[in-house]
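the following comprises the amino acid sequence and a computationally predicted model.
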Amino acid sequence: MPPVNRIADYAEDMTAWRRHLHQHPELMFDCHETAAFVVSRLREFGITEIHEGIATSGVVAIIEGQGEGPTIGLRADMDALPMEEQTGAAYASTVAGKMHACGHDGHTTMLLGAARYLAETRNFAGRVALIFQPAEEGGGGAGVMVEEGVMERYDIASVYALHNTPGAEFGTIYTTPGAIMAAADTFTIHIKGEGGHGAYPNECKDPVAACLGVCNALQTIVSRNCKGLDDLVVSVTQIHTGTTDNVIPDTAYINGTVRTFDAAVQQMVIDRMQAICAGHAAAYDVEVTLDFEKGYPPTINHADEAGFAARVAAEVVGEAAVTADAPPEMGAEDFAYMLQSRPGAYLFLGQGAGPGLHHPGYDFNDEVAPIGASFFARLVETAQPVARGNG
């Protein structure tokens with residue numbers, strides 16, 4: 001079954017919605033204008049139960065189906081990134097230093113398209129909870145919405161989300177049971193020594209030498225402390241020290257990210273980092289302090305829901321375009337918090353060639369929006385079919 005014909009009829013409207021959102025990006029929890037646009041469209045669709053101000057600017061809207069049944073949650077993120085856009089598009093961001101570089105404008109549009117169709121047809125039992133979430137890009141908005149009780153308040157039984165993927169073949173959908181995205185943690189290491197003249201290092205406690213040693217040792221965590229079959233990334237992404245060529249500085253700073261899928265592997269990394277810092281402090285006679293900050297947990301799909309979502313996807317894009325056992329990604333996603341609270345699944349939707357996510361030249365492919373909206377709609381209709389009489 002191809003994308004829903006009625007949703008295909010919305011293509012021009014969906015493109016207009018998406019490009020409006022693209023021109024007006026907002027960051028983190030400050031998605032008030034985006035939320036107002038969403039609410040205005042939902043009211044146009046005849047949806048009357050709309051709850052605003054969740055997690056500051058989030059929205060949950062309820063569509064009633066036909067007869068009794070559970071409530072299925074569909075989530076879209078709304079926030080943009082603090083980047084300067086370089087697409088050159090006629091509808092480029094009008095806000096300096098902000099752009100939709102991850103396609104959340106497209107995610108919001110796809111959920112709006114599904115909402116319009118579901119509100120028109122009501123060809124499902126129970127209810128649909130449309131979740132429009134702020135602050136995916138670092139703020140953990142999904143976790144805040146869960147903490148504020150959206151799952152209990154709206155009696156959500158299961159929850160699903162869809163993310164675009166540039167570079168993946170247009171119209172393909174992929175997911176997997178179990179871990180699909182990694183935990184994202186941040187580490188910061190401060191090294192304090194005693195600086196002085198570069199010509200007299202013997203009179204100093206050199207933090208630069210210690211910094212180099214720590215960075216090299218951190219790379220052995222993956223190569224020498226992790227089992228070969230365990231997925232792990234440890235990346236040093238910042239080193240800051242010194243101001244000129246003939247001065248040994250007092251301090252050095254190291255920053256980076258750790259990506260894991262397993263709590264035991266995560267704890268191993270923390271333990272090894274602490275040992276490395278302590279060892280280098282002793283070896284170089286400096287102070288070394290580790291700050292390890294746990295971020296988003298791994299995104300873990302529930303097996304039954306992931307399999308079900310893949311079967312629905314095959315009805316929309318064809319079996320050949322669906323991968324139900326894709327390898328996990330090392331990126332992170334705060335939808336993890338919703339999947340910790342309720343069964344569900346996270347999927348990716350290929351949008352064809354183009355710059356990658358978080359790139360200043362990235363742009364969401366509007367032609368893929370009806371496919372994503374159709375997937376959401378079919379998911380609801382298949383999960384919660386209307387009971388038919390025998391007469």
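Great, that's in hand.

now the end-to-end length of stretch 323-337.
Distance across stretch 323-337, first residue to last, is 24 Å (C-alpha to C-alpha, to the nearest Å).

list the contacts of it.
75, 135-136, 139-143, 146, 161, 163, 172-184, 231, 233, 259, 261, 295-300, 306-307, 310, 346, 348 (C-beta atoms under 8 Å, 6 or more residues apart in numbering). C-beta here means a position set from N, CA and C on the backbone, and glycine is covered the same way.

how many neighbours does Arg224 have?
9 (other C-beta atoms under 10 Å).

what's the neighbour count on Ala92?
Ala92 is surrounded by 15 other residues when neighbours are defined as other C-beta under 10 Å.

ok, now Ala161?
The number of residues packed around Ala161, counting by other C-beta under 10 Å, is 25.

and it, helix, strand or coil?
With DSSP: H, G, I helix; E, B strand; the rest coil as the basis, the three-state label of Ala161 is strand.

for it, give the beta-bridge partners.
Partner residues in beta bridges with Ala161: Arg75, Tyr346, with DSSP bridges as the criterion.

before we move on, what about Val322?
Bridge pairing for Val322 (DSSP bridges) gives the partners Ile173.

what separates it from Ser341, distance-wise?
Computed with C-beta to C-beta, to the nearest Å, the distance linking Val322 and Ser341 is 26 Å.

now swap in Phe132 and tell me
Taking C-beta to C-beta, one finds Phe132 at 17 Å from Ser341.

any weak-confidence spans in the protein?
Counting by pLDDT under 70, the chain contains low-confidence residues at 1-3, 229, 389-391.

biggest helix in it by residues?
In the chain, assigned by DSSP state H, the helix with the most residues is helix 263-284.

report the buried residues of that one.
265-266, 268-269, 272-273, 276-277, 280-281, 284 (16 or more other C-beta atoms under 10 Å).

same thing with stretch 53-69?
Of all the residues in stretch 53-69, those buried under the rule 16+ other C-beta under 10 Å are 54-65, 69.

quick revisit: same for the longest helix of the chain, what does it pack against?
With contacts defined as 3 or more C-beta pairs under 8 Å, 6 or more residues apart in numbering; DSSP states H and E, helix 263-284 has these neighbours: strand 183-192, helix 207-220, strand 232-241, strand 251-260, strand 287-293.

make JSON lines out of the ones you listed and add mean neighbour count.
Below are the helices and strands packed on helix 263-284 laid out as JSON lines (neighbours: other C-beta atoms under 10 Å):
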{"stretch": "strand 183-192", "mean neighbour count": "20"}
{"stretch": "helix 207-220", "mean neighbour count": "20"}
{"stretch": "strand 232-241", "mean neighbour count": "16"}
{"stretch": "strand 251-260", "mean neighbour count": "20"}
{"stretch": "strand 287-293", "mean neighbour count": "15"}
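
in a markdown table: those, plus distance to Ala11.
Written out in a markdown table, the entries for the helices and strands packed on helix 263-284 read as follows (distance: least, C-beta to C-beta, whole Å):
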| stretch | distance to Ala11 |
| --- | --- |
| strand 183-192 | 35 |
| helix 207-220 | 49 |
| strand 232-241 | 39 |
| strand 251-260 | 37 |
| strand 287-293 | 43 |
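
still on that earlier bit, and the buried residues of stretch 53-69, which two are the farthest apart?
Thr56 and Gly69 (30.9 Å; C-beta to C-beta).

re the thing from before, between Phe132 and Ser341, which one's more packed in?
Phe132 (31 against 20).

tell me the SS of that one?
Three-state assignment for Phe132 (three-state DSSP): strand.
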